[in-house]
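[1] Next come a sequence and a model predicted from it.
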Amino acid sequence: MADLSVNIGELQMKNPVMTASGTFGYGEEFADFIDITRIGGIIVKGTTLHSREGNPYPRMAETPAGMLNAVGLQNKGANYFAEQIYPRIKDIQTNMIVNVSGSAIEDYVKTAEIMNELDKIPAIELNISCPNVKQGGMAFGVTTEGVAEVVNAVRSAYKKTLIVKLSPNVTNIAEMARAAEANGADSVSLINTLLGMAIDAERRKPILSTVTGGLSGAAVKPIALRMVWQVANAVKIPVIGLGGIMNWKDAVEFLLAGASAIQIGTANFIDPAVTIKVVDGINDYLDRQGCKSVSEIIGGLEL
C-alpha cells in the first residue's frame with residue numbers, strides 16, 4: 001500500500017481526499033454509510049456570522065451531467081455552530097474544516113475569530129465567491145483587490161491553516177490565486193461553482209427561484225482541471241482541486257495537474273460511499289504505477 005499522506009500548510013492529512021462544502025453536511029450524516037474517519041478531511045457546510053434562511057424554493061435543479069444549486073448558505077450562524085454542532089463533531093478522527101462565508105469583511109473576520117478558538121478545527125476554507133454588499137453585490141473573489149482585502153483581513157485574525165476557495169467566474173484565475181498567496185493564504189481550493197441557469201420551457205419560467213445558480217458536477221470538470229493546472233503553475237502554496245470529480249480516475253487527473261489534494265462534491269449525492277472508493281482507487285493506481293507515495297504523481301503531468 002502506498003503512502004497517501006499529504007500536507008496542506010500545517011494541516012496533515014492521511015490521504016488527499018476531502019469533501020466539498022455543502023455536499024457532506026457536518027459529516028455525521030454519512031456515518032451510517034461509510035467510515036468517515038478514512039477521509040482525509042471533511043469540509044462542513046458554509047458557515048456565516050449570523051443565521052441565514054437561504055433562498056426560496058426551488059433552489060436545486062438537475063442538469064445534463066450536473067446540477068444547479070442556489071441554496072444560499074442556509075445555516076444557523078457561527079455561534080450556533082460553536083455551541084451546538086462543534087461538540088458533536090470535534091472528536092471525529094479526521095480533519096474537520098469549516099467553510100467560512102460572509103457579505104462584508106468584518107463578518108469574515110469575526111467568524112474566523114470564532115473558529116480560531118475551536119481546538120479541534122485545524123483549518124478554515126474561505127469562500128470568497130460571496131457577494132460583497134458594500135460593493136454593490138460583486139463577489140470578493142472576482143478582482144485581485146477584493147481577494148487581497150478579504151484574505152489579508154482574515155489572515156490577521158486567524159492563526160491556523162487558511163484555505164481560500166477561488167471563484168471560476170473570472171478572466172484570470174491565476175491572478176486571483178497569486179493575490180491570495182501574497183496576502184497569507186496557506187492554500188487555495190478551486191473551482192467553486194460556475195454561474196448557470198435552467199429554464200422550464202412549458203412554463204416559460206426559470207427553474208430556480210433565483211434565476212441563476214451554481215453549476216457543479218461532471219459538466220464542469222474540464223474547466224476545473226484547466227484552472228487547477230494553471231494555478232498550480234502560478235503559485236507555490238498547495239492547490240486543492242475540485243469540480244466534477246466523480247471517481248478515482250478523475251481525482252488522479254487533478255493530482256497529475258498539480259493538485260496536492262482534491263474535494264468531492266456533487267458525487268456524494270449520487271453515491272454516499274464515493275469518497276472511500278476514491279481513496280482506494282488512488283491507492284490501487286499508485287500500486288499499479290509502482291509509486292510508493294502519492295507525492296510522486298502530484299504535478300506529474302508530462303507535456
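    Now that the structure is in, tell me what you want to look at. Note that the structure is a prediction, hence the values are computed from the model and not measured. Numbers count the residues shown, from 1 in each chain.
[2] OK, contacts around residue 90?
    Applying CB atoms under 8 Å, 6 or more residues apart in numbering to residue 90 gives the contacts 96, 118, 119, 120, 121. To be clear about C-beta, it is placed using only N, CA and C from the backbone, and glycine gets the same treatment.
[3] Which of those are buried, as a PyMOL select command?
    Buried subset of those, written as a PyMOL selection, criterion 16 or more other CB atoms under 10 Å:
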select buried, resi 96+118+121
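[4] Among the contacts of residue 90, name the ones in strands.
    Among the contacts of residue 90, the ones falling in strands (DSSP state E) are residue 96.
[5] Can you lay out the contacts of residue 90 as CSV showing pLDDT and distance to residue 161?
    Below are the contacts of residue 90 laid out as CSV (pLDDT from 0 to 100; distance: CB to CB, whole Å):
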residue, pLDDT, distance to residue 161
96, 98, 12
118, 98, 13
119, 98, 14
120, 98, 13
121, 98, 10
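[6] quick one: which two of the contacts of residue 90 are the most distant?
    Across those, the longest distance by CB to CB is 10.9 Å; it joins 96 and 119.
[7] circling back: can you convert the contacts of residue 90 into CSV and add a column each for distance to residue 69?
    CSV is the format used below for these (distance: CB to CB, whole Å):
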residue, distance to residue 69
96, 23
118, 27
119, 32
120, 28
121, 25
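[8] pLDDT of stretch 6-26, averaged?
    Per-residue pLDDT values across stretch 6-26 average out to 97.
[9] Likewise for stretch 77-85?
    For stretch 77-85, the mean pLDDT works out to 98.
[10] Residue 74 reaches residue 52, doesn't it?
    Yes - at 5.7 Å, residue 74 counts as touching residue 52 under the criterion of CB atoms under 8 Å.
[11] the more surrounded of those two?
    With neighbours defined as other CB atoms under 10 Å, residue 74 and residue 52 compare such that residue 52 has more, 18 against 15.
[12] Ignoring the adjacent residues along the chain, who's closest to the more buried one?
    residue 73 (5.3 Å; CB to CB, 6 or more residues apart in numbering).
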